[in-house]
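Enquirer: give the three-dimensional model of this entry:
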Amino acid sequence: MDQQLVVSLPINITTYDDAASVIGRWASLGEARSVCAANVHVVMEAQDHPAYRQAVQSADLITSDGMPLVWALRLLGWKRATRVYGPSLMLRLLEKAEREGTPVGLYGSTPETLDRLVDQILIQFAGVEIAFKEAPPFRPLTPDEDRATVERICRSGARLLFVGLGCPKQEFWMAEHKDQIPAVLVGVGAAFDFIAGTKRQAPSWMQAAGLEWAFRLATEPRRLWRRYAQHNPRFMTFLLAQMFHRPQDVE
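Expert: Numbering: from 1, shown residues only. Purely as a prediction, here's the structure:
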């Protein structure tokens, strides 16, 4: 699968169908893999923090989660680049897991949100097997707690584990645990809240226009204003600098 460096990260050029196909194949074989859905926040955190960049780059698949990354890929020559958004990818994978009998797991968020998430998943995909669900404490786990968590995941038989710990925690967790768990770890960020209905999702027209960040800022200003103020202008600056040194169009 083709990749293109965008500022600090190599992003895979893929589609929902292609991503779901390769993830499904890995899951059916019980392979230890990880998937990261990258947006501007992920790219700029990787730019600023080498340890985080290494964690994200250890993923086997890095999708273009946000429209700004899709536009960046197109500007860099990949005209066929499309968005592969974490929450939508999760729904595609759940549909595929139901159809193919792949056990799935859920790791992250809060017990209340997980209960609502399971309810919503079973409404949409009644035949899916949810083999594991756990909301870890917000504090760091002790080594013994961590080992016990890995053992519970492995014993569950889940072959597709959705990880909803948020950036940057989920990418560090996946990088640290990928080789310990015979499953595909898929970092999906706020997808747990969106699918569970505990947070509102931007309207589709705002997502298509690349304005999802504005919607999220309006709904969570105190938490998100600093992130967008720091990252968005700098992302554009780094991207423009990269474009001045880009090779000829690849497609």
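Enquirer: switch to C-alpha atoms for all contacts and neighbour counts from now on
Expert: Will do.
Enquirer: how many other residues sit next to D2?
Expert: Here the count is done by other C-alpha atoms under 10 Å, and D2 has 9 residues near it.
Enquirer: which residues does it contact?
Expert: Applying C-alpha atoms under 8 Å, 6 or more residues apart in numbering, we find D2 in contact with N12, I13, T14.
Enquirer: go again using 6 Å as the cut-off
Expert: The neighbourhood of D2, defined by C-alpha atoms under 6 Å, 6 or more residues apart in numbering, consists of N12, I13.
Enquirer: got the phi and psi for it?
Expert: phi -60, psi 150 (degrees, to the nearest 10).
Enquirer: and for the one 10 residues further on?
Expert: When read as degrees, to the nearest 10, the backbone of N12 gives phi -70, psi 140.
Enquirer: and the spatially closest residue to it that is not a sequence neighbour, how far is that from I130?
Expert: For N12, ignoring the flanking residues on the chain, the nearest one in space by C-alpha to C-alpha, 6 or more residues apart in numbering is Q3 at 4.3 Å. Distance, Q3 to I130, using C-alpha to C-alpha, to the nearest Å: 32 Å.
Enquirer: V163 now?
Expert: Applying C-alpha to C-alpha to V163 and I130 gives a distance of 14 Å.
Enquirer: neighbour-wise, which of the two wins?
Expert: Of the pair V163 and I130, V163 is the one with more neighbours under other C-alpha under 10 Å, namely 27 against 22.
Enquirer: centre of the chain to the biggest helix by length in the chain, how far?
Expert: Under DSSP state H, the helix in the chain containing the largest number of residues is helix 221-243. Helix 221-243 sits 19 Å away from the centroid of its parent chain (C-alpha atoms, centre = their mean, to the nearest Å).
Enquirer: export that helix to CSV, keeping only CA atoms.
Expert: What follows is helix 221-243 as a C-alpha-only set of coordinates in CSV (Å, rounded to 0.1, in the frame of the first residue of the first chain):
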residue,chain,number,x,y,z
PRO,A,221,-14.0,25.1,23.7
ARG,A,222,-12.2,24.9,27.0
ARG,A,223,-10.6,21.5,26.2
LEU,A,224,-9.8,22.1,22.6
TRP,A,225,-9.0,25.7,21.9
ARG,A,226,-5.3,25.5,22.7
ARG,A,227,-4.8,22.4,20.6
TYR,A,228,-6.3,24.0,17.5
ALA,A,229,-4.7,27.4,18.1
GLN,A,230,-1.3,25.7,18.3
HIS,A,231,-1.5,23.0,15.7
ASN,A,232,-3.6,24.2,12.8
PRO,A,233,-1.5,27.2,11.7
ARG,A,234,1.7,25.4,12.2
PHE,A,235,0.5,22.4,10.1
MET,A,236,-0.2,24.7,7.2
THR,A,237,3.3,26.3,7.6
PHE,A,238,5.0,22.9,7.6
LEU,A,239,2.9,21.6,4.7
LEU,A,240,3.7,24.6,2.5
ALA,A,241,7.4,24.2,3.3
GLN,A,242,7.1,20.5,2.2
MET,A,243,5.3,21.4,-1.0
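Enquirer: for the helix or strand hosting E145, which helices and strands make contact with it?
Expert: Assigned by DSSP states H and E, E145 falls within helix 143-156. For helix 143-156, the packing partners by 3 or more C-alpha pairs under 6 Å, 6 or more residues apart in numbering; DSSP states H and E come out as none at all, with no helix or strand in contact.
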